[in-house]
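My questions concern the predicted model and sequence given below.
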Amino acid sequence: MTIALQYSHITVNHVDEALVFYRDALGLEVRNDVASGEFRWVTLGSAAQPGVEIVLSEPHAGRSQADGDALQELLTKGVLPMTVFRTDDVEATFERARVSGAEVLQEPIDQPWGPRDCAFRDPSGNMVRIQQESKA
């Protein structure tokens, strides 16, 4: 038996604004864009991991009003779980995200536990960390 991650969801305020960050700044490719009524789900991925996709959706997409409202409150507070990406060039990835206008939380630094990483907030306020494994 095997098991592998296929989808990871990121809740955003506006899918189109989020695409500017995840597609244009980070370089992920759009794999699917599915509309359902007033909502849509967009999946993105990387050629480096063809079987793994990130799903962008708004808080009320596919949820009850109460659940969507609760998720919206957490998103507004900026307390949803962070997403961590891996890159082979954290400096170049940082610069590409920075010039896109993303809010910089931390410039690239070497962490005591090994990786060199940086951090941003996406347009909805989600924390996104980008790390490069230590060369040592």
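Received it, and whenever you're ready, just let me know what you need.

Sketch out the low-pLDDT regions of this protein for me.
Applying pLDDT under 70 to the chain flags residues 135-136.

For it, which segments are assigned as strands?
Using DSSP state E, the strands of the chain run over 7-11, 29-36, 39-46, 49-57, 83-86, 103-110, 116-121, 127-132.

same for the first one, what does it pack against?
Counting by 3 or more Cβ pairs under 8 Å, 6 or more residues apart in numbering; DSSP states H and E, the packing neighbours recorded for strand 7-11 are strand 49-57. Bear in mind the C-beta positions are built from the backbone N, C-alpha and C, glycine included.

Mind listing residues that contact the strand it packs on?
With contact meaning Cβ atoms under 8 Å, 6 or more residues apart in numbering, strand 49-57 is reached by 4-12, 15, 18-19, 22, 28, 31-32, 39-46, 83.

Among the residues you listed, name the buried ones.
10-12, 15, 18-19, 22, 28, 39-46, 83 (16 or more other Cβ atoms under 10 Å).
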